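# just a sequence and a predicted model for now, questions to come.
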Amino acid sequence: MNSSEIFDLASKSRLAHDPYVEKVWGLINDKGLFNKSPHYLRELRKGLFRDALKFFAGHSEYYAQLFERLGINPKSAELSDLAKLAIPSDILRGDGHKQFVIKDADENGEYFMSSGTTNKNPVKIYRSPIDLAVMIKANTDLFEYVYGDYLEPGKGVALFMAAPELRYRLNFVAFVHLALESKNIQLIYGMDLKDESKDGRPWQKLEPNKDNILKFLKSKEEPKLFFTAPAGVYLMSKQFDTMSMTKKIVYKIASGAPPVALGRGGVIVTGGGTKGFTDLPQYGKIVELSRKHFKSKDRSGVDIPVPFMDVLGMTETLTALIDKFGVMDKVPHPLSEVFILNPKTYELMEEEGKEGVVGIFNPFVTSWLEIFYPGDIMSFHRSENFYGSEFVYVRRLKLEEGWDLQRACGGTLEELMGRK
Amino acid sequence: MDEATCLNPFCEIEEYEVDKKEQVGFIINELKEKSLSKALEKSKDLQSKLAKIPIHERLEVLDKVGRLWAEKLDRGEYNQLKSFLAKSTGYSTQLIELELSFVTFVLNGENIRRNLEYSFSKRIEGLHRFIEVEDQESYRFVPAGPVVIISSGNSLIPPLIPTVLSITTGNFTILKPSISNYFGVVEVCKLFKEASIGSEIAKLMMNALTISYFTHDSDSLKYILGKAPIGVINFWGGEPARTYISKLVSENPNHPRLLINGPLTGVAVIDKASADENTAENLALNMVLYDQQLCSSPTRAIFIGSWRDAIKFAENVGTALNRIGREYPSSTNESSIYTLQSVRRALQLGGSTVYASNESENMWTLIVSKGESALENVVKSFPAFNIYSRRRFIEIIVIEDYNQLYRLVDELPVNEAYSGVDKVQTVGLALSNDKVEEVSEKLTSYGVYRIVPLQDMFIRSALEPYDGVNLASFFTNTIYLRKKPIEW
């Protein structure tokens, strides 16, 4: 589906005229949200939380019973109740998401899956056309807020170091693709997917499409938006860094790079985590190295260090958290409630700077109650921005598999038993 | 590397040789094949001498060793050992204290005598002489060993029980404990040395015992299991080691007898009439002791009664767990907490009622489910939450009819949430008196080994068999003597 088809289907949805869905859609289209105060937005989210609970209880017996069992009254629910309702993303693996999708959700949507880099069975999430429409709008607005500028329709070019096939599998690719498409900004895919039939992770079956990369490098369009996993920009920069002078000259003649001129408003957007690369340097080091080989200018044409944005977007969240290196840490969409759980009690933790398990509630998702924790450790600090805080990604939770030798009546030969 | 991290053999083999290995921060000096072979050469003679010693004299030695242990324990001589074992086994110091106090009971002569009495049909004199069982027909119970015991669990008592019975029945015994309980086991056995001052019998018994650690890929272990002149091998544990060991033993030209004590678990059965605060305390205690890692620990509870009564009972168990659990603080790491919290939520989402504590040193969980176990489905999403990882965690399945109880006992070993467990070893009953007999009788058809009161599921009576087998009998051969022809 392209973005126009998505908006068209969303407008025809049987849920389109539900008061809650209408309310959410109205808010999603309100760019002024980014100018509101943190207090206003928090109250708004609290109201939306109660409305969401009412909406889901009304559309699903399962949710109605669940709220009753947990002692949560939709009329008086507080944001602290999110801690009770947050589900671990692990139960969304395989067909786990099905049980949470309400029957009234439209059927002609799309499925997205995790890349499978963090566990065996990928998380698989269904997105209805309304969800997809919200995804395009909300993520575009958030992106522009962090980017610090408006992406003018029809202007600029983007290179995504992914294969076009991943548009229908990974939601990060889908959101970039659809957002740019809705803005009529050209998107070039810099990778080809090879031998898809074989088992394996999609990111490990990708090969660079040199012609497409060259097309991007040689393009005179501005701004140039470069979307990649951190490993992509790092490996490219490292390659430039270690090139012999002769090779550099030859490459420069063919492509105009290095350095890669991203032009006015040019930006590098990373996302997707380490994707199996275990020996990547710290993000700051990647930025430092990359800035030697990627160049950018501000709106007025003055040279600036190339801006780096990083997108934290799990498959199970409709909208991402985005940061801008050196400018702001990660911020969510104004309507998303991002909360930190105490890693021991899994209760809400509101102390600034303390590391905990991040949880997300997206009230604008209307096909299931999207409150989950993906198993990542984050912290937050206060901020002057619309959200009142910014979030810092710390690490993924280390999960041990298998068992330790523990049984008292007889374990086994412990070297055979002590698998982790 | 200090002595505390060096696993040296405990044996009386002259000038023994070892292979030095390193594993998980420990130096392992495992006996070489040559030294084991040397010891085994003398084993027949040793066994024959031991088998002639009147059984009550052997029991006196054990009694003495037990007394020495109790005295030293009282004097605080094992305080360092306590801390070490708490660290190596992961159990609380309080639990290790309890464990060390149990050693005296394992070595109690009277307890062992009773076990032997029931193993040999009250004819334990047959352990040192022929005893006439019918007119001119006699039995004599002789050592079937040498016996090899591989008992790798992380607590102290399980390796001691078979070892004590093996030596008492006159067997030359090779024991392979685990790394975590090694020092505790050796400390107990060192007391034979002390007891042997002035006692030839104690010295003989000590000479009959060899303790060494062997890594799973050890040539010495392959030799003992696959080639050595061994009579009995007793393995305590599960897969994958069980298959590995069985294969080796099947190749041994001496055809040793193999007894495997596989992983087992316990089930608590409570009815409405017995679901008082006392029963709730008893269930809580059995959940806390050894963090449910005993083969007798209740890891599933079945409640026969109404949902409302079950909820009330669960609340009482929770109150008891709060109190008893605090007395035995346990630690839980970040990964286990994530899994535990996620499982709790998954069960809640699935319709189970969940009671839980988030106290970091006492994280207990009670799941109340209707009619069926809800745990299996959830464990499919969280495979790391297997029975070995579940601590202070129990699912109370509520049924209204006694007949459903047997199905829940029967299906447990094939339930994915109990993967790795062979059977239900212990059923702990808290039932009204008129039901105990009927339920016990029916349970005999479902493969359980023990049916005991819920309150002390963790305690073994001296006369109990081990997982359906009288170990003392297994460690011996019965020689039959007939002095007259049979009239036919």
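Cool, got the structure. For clarity, every value in this text was computed on a predicted model and none was experimentally measured.

# what sits against the spatially most central residue of chain A?
Closest residue to the average C-alpha location of chain A: A:Gly313 at 1.5 Å, with C-alpha atoms, centre = their mean. If you count contacts by C-beta atoms under 8 Å, 6 or more residues apart in numbering or on different chains, A:Gly313 has them with A:Asn171, A:Phe172, A:Phe175, A:Gly271, A:Thr319, A:Ala320, A:Leu321. (Glycine included, C-beta is placed from N, CA and C.)

# now B:Ile179
Per C-beta under 8 Å, 6+ apart, neighbours of B:Ile179: A:Glu414, B:Leu7, B:Gln23, B:Val24, B:Phe26, B:Ile28, B:Ser88, B:Tyr213.

# can you give me phi and psi for the fourth one?
This points to B:Val24. B:Val24 has phi and psi values of phi 40, psi 50 when expressed as degrees, to the nearest 10.

# picking that back up, quick check, nearest of the contacts of B:Ile179 to B:Glu315?
Set against B:Glu315, the nearest of the contacts of B:Ile179 by C-beta to C-beta is B:Ser88 (36.2 Å).

# my guess is the closest one contacts B:Ser180, does it?
Yes - assessed by C-beta atoms under 8 Å, B:Ser88 is found in contact with B:Ser180 at 4.1 Å.

# ok, those two, which is more surrounded?
B:Ser180 (26 against 18; other C-beta atoms under 10 Å in any protein chain shown).

# and the helix or strand harbouring A:Lys330, what other elements does it pack with?
Using DSSP states H and E, A:Lys330 maps to strand A:328-331. On a contact count with 3 or more C-beta pairs under 8 Å, 6 or more residues apart in numbering or on different chains; DSSP states H and E, strand A:328-331 meets helix A:129-147, strand A:321-324, strand A:389-396.

# go through the contacts of B:Ile179 and name the one nearest B:Phe235.
A:Glu414 (13.5 Å).

# spit out the residues that contact B:Ser88 and B:Ser180 alike.
B:Asn154.

# quick one: the strands in the stretch 51-200 of chain A?
Secondary structure of the stretch 51-200 of chain A (DSSP state E, counting those that start in this stretch): strands located at A:87-88, A:110-113, A:124-127, A:157-160, A:186-189, A:191-193.

# for chain B, find the nearest of these.
strand A:87-88 (3.5 Å; C-beta to the nearest C-beta).

# still on that earlier bit, among the contacts of B:Ile179, list the two that are farthest apart in space.
Between any two of those, the greatest separation by C-beta to C-beta is 14.0 Å, found for B:Ile28 and B:Ser88.

# picking up where we left off before, which of the contacts of B:Ile179 are buried, as a PyMOL select command?
Command for PyMOL that selects the buried part of the contacts of B:Ile179, burial taken from 16 or more other C-beta atoms under 10 Å in any protein chain shown:
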select buried, (chain A and resi 414) or (chain B and resi 7+26+28+88+213)
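
# near chain A, which residues of the stretch 101-250 of chain B?
Contact residues, the stretch 101-250 of chain B versus chain A (C-beta under 8 Å from any C-beta of the partner chain): B:150-155, B:157-158, B:178-180, B:215-217, B:235-242, B:244-245.

# restricted to helices, list the residues you listed.
Under the assignment DSSP state H, those contribute B:Ile157, B:Pro158, B:Ala241, B:Arg242, B:Tyr244, B:Ile245 to helices.

# ok, so of these, who is nearest A:Val358?
B:Ala241 (40.2 Å).

# give me the number of residues near that closest one?
Neighbourhood size, B:Ala241 [other C-beta under 10 Å]: 23.

# same check on A:Val392?
With other C-beta under 10 Å as criterion, A:Val392 counts 14.

# dump the residue contacts of residue 297.
Here I'm looking at chain A. A:Gly263, A:Arg264, A:Gly265, A:Gly266, A:Asp303, A:Ile304.

# you answered for a different chain; I wanted chain B.
Contacts of B:Ser297 (C-beta under 8 Å, 6+ apart): B:Thr265, B:Gly266, B:Asn286, B:Met287, B:Leu289, B:Tyr290, B:Met457, B:Phe458.
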